[in-house]
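My questions are about this predicted structure, shown below with the sequence.
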Amino acid sequence: MTKIGKNGMDPISDQEYLKKEQYRQGDHLDARIQLHRRFSVNPSNYFEWMYDLLDLRAGMPVMEVGCGTGEIWHTNQRRLPAELQVTMLDLSTGMAGSARAVLNSDARFDFAAADVQRLPFSTGQFERVLANYMLYHVPDISLAVRELRRVLAPGGRLCAATNSAGHMQELGDLMNRFGLMRSELHDFAARYGLENAPAILGESFEHVEVIPFIDSLFVTETRALLDYIRSMVGIWDFPPGAQEEITAWVNAEIQTNGGFTIHKASGAVLAW
């Protein structure tokens, strides 16, 4: 059963909830990034892998919508062409501010709050557009995709990464065991996931390519996992006693097996 927010909307696509609670600042997102950074099994860095797919060149105008804390740019900051100009947008002014701080006010980046459904830019203005892990938050995904296509220059490319329905299945099963909202893991991918991305983007783009990134987590610290779960405030809520029960279960799993394995199913989706 999908959780309904205070105003009767699904919190996954409730823009007021996203701006004022989930993404008001970068701390919730950072807790999730930290779990992946610290406990991912694949030795390849995900953000370096994604950066390589962008094929950026000097002088290229780039836009990222739903920029979050700017992790892909922070990870690859030393690799960026000197003449690059990146427009960073987020629905939340607080999140855009977090990205600015992470990137140390790098002059190659401009920051603003904007809605992907109504982009304040000219047609064909950008050669690369990123919309990673954010389209499932948009109330009207088709409208957003049309806007992303509109602002792309001829020959430009969109990167719109997302997850599969099986992403972090073991964590979803754990949540279900202790009474949290199990279905929410799948609702993200149901709105925009690796399975339906070709059909969704294919309404506006001639070519769509899904490129999976194979990885899993081996979590050896209970607190880090709990920080991840707590970061989903408003989507997952702890029933009475559930936090203590989850803590005990994860502690036992780590003691018995050395860690808690969580398989990931995510990847990049390129469109042009």
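Thanks, I have the structure now.

quick one: pLDDT of G241?
According to the prediction, G241 has pLDDT 82.

Any idea how many residues pack against it?
Residue crowding around G241 was assessed by other C-beta atoms under 10 Å; the count is 10. For glycine as for every other residue, the C-beta is placed from the backbone atoms N, C-alpha and C.

which SSE is the residue nearest to T75 when sequence neighbours are not counted in?
Spatial nearest neighbour of T75, excluding adjacent residues (C-beta to C-beta, 6 or more residues apart in numbering): F47 at 3.9 Å. In the assignment (DSSP states H and E), F47 maps to helix 46-54.

got a list of what the residue nearest to T75 touches?
E71, I72, T75, N76 (C-beta atoms under 8 Å, 6 or more residues apart in numbering).

Tell me if I'm right that the third one and N45 touch.
The one in question is T75. Yes: in this structure T75 lies within contact range of N45 using C-beta atoms under 8 Å: 6.5 Å.

thinking again about what came up before, what's the first helix or strand after the helix holding F47?
Moving toward the C-terminus from helix 46-54, the next element (DSSP H and E) is strand 61-65.

Run me through the strand neighbours of that next one, direction for each.
Here strand 61-65 is paired, per DSSP bridges, with strand 85-90 (parallel), strand 126-130 (parallel).

So what touches the helix or strand that comes right after the first one?
The one in question is strand 85-90. Note on strand 85-90: by DSSP H and E, the next helix or strand toward the C-terminus is helix 93-102. Here helix 93-102 makes contact (C-beta under 8 Å, 6+ apart) with 23-26, 29-30, 67-71, 73-74, 88-90, 109, 111-113.

Which elements pack onto the following helix or strand past helix 93-102?
From helix 93-102 onward toward the C-terminus, using DSSP H and E, the following helix or strand is strand 109-113. In terms of contacts (3 or more C-beta pairs under 8 Å, 6 or more residues apart in numbering; DSSP states H and E), strand 109-113 is packed against strand 85-90, helix 93-102.

would you turn these into a markdown table with mean neighbour count?
Converted to a markdown table, these look like this (neighbours: other C-beta atoms under 10 Å):
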| stretch | mean neighbour count |
| --- | --- |
| strand 85-90 | 23 |
| helix 93-102 | 19 |
